[in-house]
Structures are given as structure tokens and as C-alpha cells.
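>>> below is the structure, and that's it, no one-letter string:
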């Protein structure tokens, strides 16, 4: 009759228990004890049990003040006998209809007898300046008589009316729940609480209202999302967060092109309803600097400084955020009948040094013009620098007339592309992920597209190394919303291989034509 299904008011039911055996379960979670009626409310043994409990807020009791337990035994015997007869009198038997009528009557009599005796709900309360105690309320019996009796629902209805003990909707009743939590779950005169301690106090503080399963964590989530509390990330939560400062999230939506230009998406953070975003390219930024007119900025500056201001005054002006570009090293090979030369370029700007003997290029030859590499091929190690930004790349050139590029089969290697390698079909995407799994490949700068037109999902992964399993998990979740024939494509700008051999095999399997500059060591 009182089975815990929703578990909002209690998690487990213990009918007519030995209280000393129930103590361990009450320590672990909220329990409904169904206790024999007594002439006293609360029954003396329940009062003693409650006084000895540390987790007083985990106790709910159903009992009564009548002592006619003999009538319960009689009703139970009748119901038990009718249920036993069910197996002996099959359907179609002349006495079957009479048996089923008796079963219904005995069940109604049993329920009515139980409810006439067990008609009081006891729950813990604590009023200001008074010790905690067990409060008593009559069991709410208002219900739809056409539906089966649901004891759990009746107890919930009892506890959500005044004097209230149970809240069923944490978001709707957030304010009073938050006030109680701050009063009872935080140490006195302290703004921070270890959340595991707060959870322990929730079970101990009789004045704390009851919440549905995971209700306390829901309360914390709502309070943190509304900036009323703050999860400090170290296991503690504060009820007085420091005033947040403005900031900005800068996302590069493309790799630098041949000129070093990048398209940036600018997302103000903690900046109020109408933020001002000031920026300066390769220069200090102040509130007098130019203000962005929209969310995007295309730049080929080495660095862009951003300053966000909240005109509403809700957030303090935060620190300057600096975005740094990347240097792009490019080569241009020129072949004539007599010689081969390579021209080096760096974008947006910078000084270039190089070596041809495999040594560190940082202290190599200063690039001032075309470099002769000879017809026998070789390696060109290149280093570029500009105002604290650096880039280093190894270019391998095959002998004249030999097709393809040189890749060391043993050393680790990276497959790179400024514009992105596109896997333009569902089959090619999953074949690449299969190959990547076998070769332990990690990708960076990945763009996934599922569907097409307005019915599409796009997922972008920036400069974070992810393996094939990670990408497949994303696709599996997204594809649940689509039919099995939905188009899938993937673009990546960098793939890391444990050996050049694996890189070459991967490229061959997927039909990638490798050119000079596509492979880095």
C-alpha cells in the first residue's frame, strides 16, 4: 500500500520493524517506519528511537493512536484465505464469481482497517530556539475513489500542506528551500561549506525540508547557475560568491590563411545584457579603443587585445584578454633543368632561419633569398619568429623526378592541412575512424557535420587532441536524432601518428595525395 516508487518522501518502507534493526537503514537514507498504534503520539518507543538518532531528518513514521490490532489480524486472515483459494478455484468454475467478489470485499475491508488504525504521519521539525521533535499530522485521505489506493501519494499530499515538510518542485520553490539550506547546512558564521558536509547535515537537521531524489544537488545547480552560490571546484560551495569580472571567449573559426588572416568569434563573458567589447591589434587596449560592432573579427595581427565592459555595472571590468595568432611557414619549389630552389615565406610576418643538415634551425642560416636544395633531395628544417611567436617545420624533398614525398617510416609524424582534410561521406568518415582506431591516431581541429540544410548538427573541436573513440561517441549521440541514411562528413586539420609508416598507410587507404608541407615530424 505504501511502496516507495517516486521516493520523494521516503526511499524505503519498513513495516512493523524492530527499531534497533532499522537504525542502520535510517542512517543511510530516508525511511518510512510503519509502527503499531499506541495510545501516545508519538509512541514511546519511536520517541526514544528518534532521540538517539543522529540522522533525525531521515525518519518518517506512519502510526496511529488506536490499539485495535486484533481487527487488522482478522481482516488480514480473510484476505489471505481468499488469495489462497484463487489457485484452487479456476476461472469458469461456478464458485469463481463469488470468490472474486469476496476477494474485492476482503481487500477493501483490509485497506479500510489499516487506514483506520494507521492514520497519523510523524516527521521531524525544529522551530526557532526549540529542540527538534516529531510533528504529527493526520494522513490526508482525499483521493480519487475510482483509482487504486496509493499510500505513497497520500503521504506526499500530507507533507506538502502546512505545516510543510516536503517540496516536490525544487525550481518552483527555490527561494524558501535556498533560505533554509543556507541557515541549516552551512556552518554558523561561515560563507563556505564542504558539500559532502552539507549533504550530511541535510540528513541531520530536522528543520530542513525534504526534497525529491537528488534534490539537494538540483538546488546547488540552480543556485550556481543563477550566481547566488558558487562551486569553488575544490569540494566547497560558497553562498556569497565574489563579484564576477568581465571576460571574453575568443574562438578561432579558421586556421591562418596564406596571409595569416584568421576569422575570430568573440563571446563576452559575465558582461551583462549589452556588453562593450574593445579591441586593439598589436597594441594596448583601453576603454577608448575601437569597439566591436558584431561577434566576428577577421585579423592578421600577431596579437589582438580585448577588454570587456559591462555598462549595467553588474560585473566589474576584468583583465585584458590577449589572443595570439600562429605563424604559418610556406614553401615554393622552383625546378629548372640545372637546379632546384626553394623560397620560404612566413605569414603574417616574421624572420626565417633554416638548416639543410638536420641541425636545429633556431640558430640556422638567416633566410634572405631562394635556397638551392640540389637534385638529390634532402631535408629543409625551418624556424620562424615574430615578437615572441614561433613556428618550426621540417620539409622533406624527394630526389628530382621521384614522385611523392619523403616520410620517415619510424619516427612520429603529423598530417597537417590549413584548409582541412575532408572526409565527404558517411562511409569515408567511419572508415577513417576505423583506421584511426587501429593506428591510435589523435586528431585536432575537427569539424563534424550530420544532416544537411536546416536539418543539420555541427560539432567543432578546436586545438584539443581527441581519438577516434571520442569522435565516434559524439556521432553516436547525434545520429540518434537522424535516419540511418543521413549524410555524415568530417574535416580535420591535424592528425598525429606514432610513425610515418602509419601516416602513409592511412593516407593511401583514404586516397589522400600527399604534397610537400602536408607532413610534419
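Sure thing, it's come through. Here the structure is a predicted model, which means the values were calculated and not measured. Numbers count the residues shown, from 1 in each chain.

>>> tell me the centre residue of this structure?
For the chain, residue 221 is the residue whose C-alpha lies nearest the centre (C-alpha atoms, centre = their mean; 11.7 Å).

>>> any idea how far that one is from residue 7?
19 Å (C-beta to C-beta, to the nearest Å). Backbone N, C-alpha and C define where each C-beta goes, glycine included.

>>> can you give the distance of stretch 389-403 from its chain's centre?
43 Å (C-alpha atoms, centre = their mean, to the nearest Å).

>>> tell me the contacts of the residue nearest to the centre of the chain?
If a contact means C-beta atoms under 8 Å, 6 or more residues apart in numbering, then residue 221 has no contacts.

>>> now it: which helix or strand?
Assigned by DSSP states H and E, residue 221 belongs to helix 215-225.

>>> avg pLDDT for that helix?
Helix 215-225 shows a mean pLDDT of 96.

>>> now do stretch 310-320
93.

>>> buried ones in it, by neighbour count?
Within stretch 310-320, the residues scored as buried using 16 or more other C-beta atoms under 10 Å are 310, 315, 318, 320.

>>> centre of the chain to it, how far?
That offset, for stretch 310-320, works out to 28 Å (C-alpha atoms, centre = their mean).

>>> swap in stretch 295-303?
For stretch 295-303, the separation from the chain centroid amounts to 31 Å (computed by C-alpha atoms, centre = their mean).

>>> in it, what's buried?
Within stretch 295-303, judged by 16+ other C-beta under 10 Å, the buried ones are 297, 299, 300, 301, 302, 303.

>>> just for the stretch 401-521 of the chain, where's the confidence low?
403-404 (pLDDT under 70).

>>> show me the contacts for residue 500.
Applying C-beta under 8 Å, 6+ apart to residue 500 gives the contacts 407, 408, 409, 410, 411, 412, 413, 519.

>>> can you tell me which of these are buried?
Buried among the contacts of residue 500 by 16+ other C-beta under 10 Å: 407, 408, 413, 519.

>>> tell me where the stretch 301-450 of the chain has helices.
426-439 (DSSP state H, counting those that start in this stretch).

>>> residue contacts, the closest residue to residue 29 other than its chain neighbours?
Excluding the flanking residues, the one nearest residue 29 by C-beta to C-beta, 6 or more residues apart in numbering is residue 11, at 4.5 Å. Applying C-beta under 8 Å, 6+ apart to residue 11 gives the contacts 4, 29, 30, 31, 213.

>>> most widely separated two among those?
Maximum pairwise distance among those (C-beta to C-beta): 14.1 Å, between 31 and 213.

>>> between these two, which has more neighbouring residues?
Just comparing residue 31 and residue 213: by other C-beta atoms under 10 Å the higher neighbour count belongs to residue 31, 22 against 13.

>>> for that one, list each beta-bridge partner.
Counting by DSSP bridges, residue 31 forms beta bridges with residue 12, residue 59.

>>> distance-wise, check it relative to residue 397.
77 Å.

>>> distance check, residue 282 against residue 252.
17 Å.

>>> show me what stretch 456-470 is in contact with.
Outside stretch 456-470, the residues within contact range by C-beta under 8 Å, 6+ apart are 251-252, 433-434, 436-437, 440-451, 471, 474, 478, 481, 496.

>>> narrow these to those that are buried.
252, 433, 436, 441-451, 471, 474, 478, 496.

>>> any idea how far the closest residue to residue 474 other than its chain neighbours is from residue 95?
Excluding the flanking residues, the one nearest residue 474 by C-beta to C-beta, 6+ apart is residue 459, at 5.7 Å. Separation of residue 459 from residue 95 (C-beta to C-beta) stands at 68 Å.

>>> what's the neighbour count on the closest residue to residue 313 other than its chain neighbours?
Leaving aside its sequence neighbours, residue 313 sits nearest to residue 272 (C-beta to C-beta, 6+ apart; 7.9 Å). When counting by other C-beta under 10 Å, one arrives at 16 neighbours for residue 272.

>>> my read is that residue 272 contacts residue 317, right?
No - using C-beta atoms under 8 Å, residue 272 makes no contact with residue 317, being 11.1 Å away.

>>> overlap of the contact sets of these two?
Taking C-beta under 8 Å, 6+ apart as the contact rule, residue 272 and residue 317 both touch residue 310.

>>> per-residue confidence for residue 253?
pLDDT, residue 253: 85.
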